[in-house]
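> Take a look and give me a structure for this.
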Amino acid sequence: MMRYCFLLFLFFVGFSLKGQEEDTFAYSIDLDEFVISAQYEPTHYKEAIYKVEVISTEQILSRGAVSLEQALQISPAIRITQDPILGAVVTMRGVQSSNVAILVDGVPVIGRLNGAIDLSQISMQNVERIELVEGALSNFYGSNAAGGVVNIITKKSVKGKGDVSIRSQLESIGQQNHEINFGASFGKWMARAHARYFDFQQFEEDSFRVVEQIELEDGTQITQSKYPLNPKQQKSVGTVLRYNIDDQSSIVFKADYNVEDVQDFGAKRRLQFNPYAQEQFFNTVRGDFSLNAKKKWNEWYVELTSAYNRYDRITEEKRYYFDSMSFDPILQSADTSHFNNFFNRLVISKAINNKLSVNGGLNYTKESAYGDRIIDRNNVQDSTRASFSEWAPFVDLQYKVSDAFKASLSTRYSIHSVYDAQWTPAVQFFYTPSEKWTLRGGYAQGYRSPSLKELYLEFVDVNHNIIGNLNLQPEISHDIQATLSYEPNKSWNLSLNVYQTNIENRISLFEYESLKFQYENVDAYQVRGIQPSIKWSIGVLQFNSAASVGFWSTNIESDSAPKYGRVFDWNNALFFAHEASGIGVSLNHRMVGDQPGFILNNNDVEVQTLEGYNLVDVSVQRSFWKNKLALNLGVKNLIGIDNTNVSGSGATGPHSASGRNIVSPGRSYFLQMSLGI
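Sure thing, here's the model as predicted:
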């Protein structure tokens, strides 16, 4: 593999010496972007009243990122936690994943396990860009947006009369990703179709059964899997159909169907006689359908979005006998969970005059679930089904005080079928005292109603005893932040963000008896921090550096416990793009600092620390044939970090081994080919 990569690199360089002027490198270092998250209409990122970070498709492709998990790792505000069963889980500015809304074109992604969306299930196929908004956005997006929003914007256009593109990526860790896209336009109509196949299996099957003895710092011996990241396979198909009424009005229908299969191989047991292993199979099916219609005339803007999302997860446990190479037909069990979400949002906007604009609308959401572990004892017809709904009118007033200052006042009134109605107000401002300086900030209240699983889960077996709680109260958050930016010229941009987020009635699993857990409103939570960043570009070079220093609440009432634990993250990215030769080079460094945690054991404070690590990605891109063919050769995780230590006792996740923090599969060499005609 190394020899092949080296020869291909020489091919890149040698071919570029011919200086084909018609070829251009696909990666653009133009920073100008239009954003729509927390905006009712597309707005240039420099004019957006909220601070919005944009991850472009060029950045995604240059790093060989094939999933949302990999794409988000360049943001220092985001941390990714790996779980062999639950997948990749996000934390934004120290706020847990249950308060981070994951959206696709503004529609919430459903299927939260332990309050989190598995980011590795969301592919980067047909993604135009990713918009990140940190801080409470419940006034726009409702529940699950109290800590921030990740909004994936997909492609909805076609080049010329039609296009076909193929992208394949092979990696040395046993990972492959293949995508195909078709597009056609005829008159006012546009249609797209796409399909994807992804497969990951780093080692042979028997390697996943290997266990090893680990000695912790306190001398305790534990047994854990040597290779914890399970084999995984994903398949997806989708389509987009668009009708352009006029230049500013359209109707768009989208449909996506995704399937994932994960197998957890068990260790060999009873080696002397008829050896066997307990195997687990996890099948996830996602179906997402949406219809979006928008119309603009004069000063009026109307947009209606209706969506139906379905999430099915089936977990099977079987006993596999090695001598007969078969499963025991009797010793099998299955657990199913099904979630359905109906989402509707109407937005109406109007500019009253050149100073005042009014935006408002109505949001309706209904979520239902049924399964073996969903128990609603109040449902006399079927106790395995549960549901709730929410109506939410919202309004936003934006007033331009002067050419240099504008402000917005917004609120949302959530009428929940289970809980009391709740106001979620927000006030934001945008101030440009000069062409070089910009100050934006404000206050926003967040809101998260308990999920159906937190209310109705009954997970009781030989290994688990987790009970939902009908007496849970919604989480309420308060977020205040400000961002100061300085741009002396087009080559430089410096910014500093300061923030603080308080969450009341935080919902957590609480051990009310030995090995018995229940969801409770157990504590308040607070995070605060600063985020400096710098962007510099000149000619063919661009350099970005951003850091995040956060102080996360420890939530322990003890004189010997610190009130906060400090967490540090840092990301550096260097891009080189030479248009004449079509060559580009990207280098990305991500530092994830130590993450302290504190527990109270018999009135003694114990410190648990997730050891920090560094990730370095390097890639070289080359485009040919007037940008129709692009090759990308790179290395992910050049240092080769696969896991780090956890000091103290306890595990990092429900399915992680004690003493181990899973980071990645290790160093990976990848080759990506893209062909578009």
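> Next, the buried residues of the longest strand seen in the chain.
Counting residues, the longest strand found in the chain (DSSP state E) is strand 326-351. For strand 326-351, burial by neighbour count (16 or more other C-beta atoms under 10 Å) applies to Thr336, Ser337, His338, Phe339, Asn340, Asn341, Phe343, Asn344, Arg345, Val347, Ile348, Ser349. Any C-beta I mention is one placed from the backbone N, CA and C, and that applies to glycine too.
> got TSV for these, with pLDDT too?
As requested, those are exported to TSV (pLDDT from 0 to 100):
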residue	pLDDT
Thr336	88
Ser337	89
His338	92
Phe339	93
Asn340	95
Asn341	95
Phe343	96
Asn344	96
Arg345	95
Val347	93
Ile348	94
Ser349	92
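> quick one: contacts for Ala293?
Ala293 makes contacts with Ser250, Ile251, Val252, Glu303, Leu304, as judged by C-beta atoms under 8 Å, 6 or more residues apart in numbering.
> just checking, which of the residues you listed belong to strands?
In strands, defined here by DSSP E, the members of the contacts of Ala293 are Ser250, Ile251, Val252, Glu303, Leu304.
> ChimeraX command to pick out the buried ones of those residues?
In ChimeraX, a selection of the buried entries from these looks like this (16+ other C-beta under 10 Å):
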select :250,252,303,304
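> Which stretches in the stretch 301-450 of the chain count as strands?
Assigned by DSSP state E, counting those that start in this stretch, the strands in the stretch 301-450 of the chain fall at 326-351, 356-371, 385-400, 405-416, 422-423, 426-431, 437-448.
> Save those strands as a markdown table, and put in distance to Lys188 too.
Below are these laid out as a markdown table (distance: least, C-beta to C-beta, whole Å):
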| stretch | distance to Lys188 |
| --- | --- |
| strand 326-351 | 23 |
| strand 356-371 | 26 |
| strand 385-400 | 32 |
| strand 405-416 | 35 |
| strand 422-423 | 42 |
| strand 426-431 | 36 |
| strand 437-448 | 38 |
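> Pick out the most distant pair among the buried residues of strand 326-351.
Farthest-apart pair in those is Thr336 and Ser349; separation 42.5 Å (C-beta to C-beta).
> closest to Ile534 among the ones in strands among the contacts of Ala293?
Glu303 (36.1 Å).
> Tell me if I'm right that that closest one and Leu291 touch.
No. Applying C-beta atoms under 8 Å as the test, Glu303 and Leu291 come out as separate, 11.4 Å apart.
> ok, what's across the strand from Ala546?
Ser533, Asn571 (DSSP bridges).
> so how many other residues sit close to it?
21 (other C-beta atoms under 10 Å).
> follow-up on the earlier one: neighbouring strands - and their directions - for the longest strand of the chain?
Those paired with strand 326-351 in the sheet (DSSP bridges) are strand 300-321 (antiparallel), strand 356-371 (antiparallel).
> would TSV of the ones you listed with distance to Lys232 be doable?
As requested, the strands paired with strand 326-351 are exported to TSV (distance: least, C-beta to C-beta, whole Å):
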stretch	distance to Lys232
strand 300-321	14
strand 356-371	22
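> give me the low-pLDDT residue ranges for this protein?
1-36, 38-42, 44-45, 215-221, 379-382, 461-463, 556-561, 599-605, 648-659 (pLDDT under 70).
> Helices along that one, start to end?
2-16, 57-62, 68-71, 138-141, 452-456 (DSSP state H).
> what about Ala145, how many residues close to it?
29.
> just the one 4 residues further on next, same as before
By other C-beta under 10 Å, 27 other residues sit near Val149.
> If it is in a bridge, with which residues?
Val149 forms beta bridges with Ala101, Val133, as assigned by DSSP bridges.
> Find the nearest non-adjacent residue to Val498, please.
In space, and not counting its chain neighbours, Val498 is closest to Ile530: 5.1 Å by C-beta to C-beta, 6 or more residues apart in numbering.
> oh sorry, the question was meant for Leu86
Of all residues not flanking Leu86 in the chain, Leu113 sits nearest, at 5.0 Å (C-beta to C-beta, 6+ apart).
> and what of Pro450?
Using C-beta to C-beta, 6+ apart and skipping the chain neighbours, the partner closest in space to Pro450 is Leu472 (4.2 Å).
> The one you found and Glu367: what is the separation?
Look at Leu472 and Glu367: by C-beta to C-beta, to the nearest Å, they are 15 Å apart.
> next one: Val592
On the measure of C-beta to C-beta, Val592 and Glu367 end up 33 Å apart.
> neighbour-wise, which of the two wins?
Shown here are Val592 and Glu367; by other C-beta under 10 Å, Val592 has more neighbours (24 against 21).
> hang on, isn't that one packed against Asn571?
No. Val592 lies out of contact with Asn571 (C-beta under 8 Å); the separation is 9.6 Å.
> The residue nearest to Val498 touches Leu484, doesn't it?
No. Applying C-beta under 8 Å, one finds Ile530 not in contact with Leu484, separated by 10.9 Å.
> Give the residues shared as contacts by those two.
Taking C-beta under 8 Å, 6+ apart as the contact rule, Ile530 and Leu484 both touch Leu496.
> ok, Val259 touching Lys232?
No. The criterion here is C-beta under 8 Å, and Val259 misses it with Lys232 at 11.4 Å.
> Quickly list what's touching both of those two.
When C-beta under 8 Å, 6+ apart defines a contact, no residue borders Val259 and Lys232 alike.
> tally of neighbours for Asp105?
Considering only other C-beta under 10 Å, Asp105 is surrounded by 18 other residues.
> Hmm, I typed the wrong one, I wanted Val460.
As a burial measure, Val460 scores 12 neighbours (other C-beta under 10 Å).
> Next, find the distance separating it from Ile375.
10 Å.
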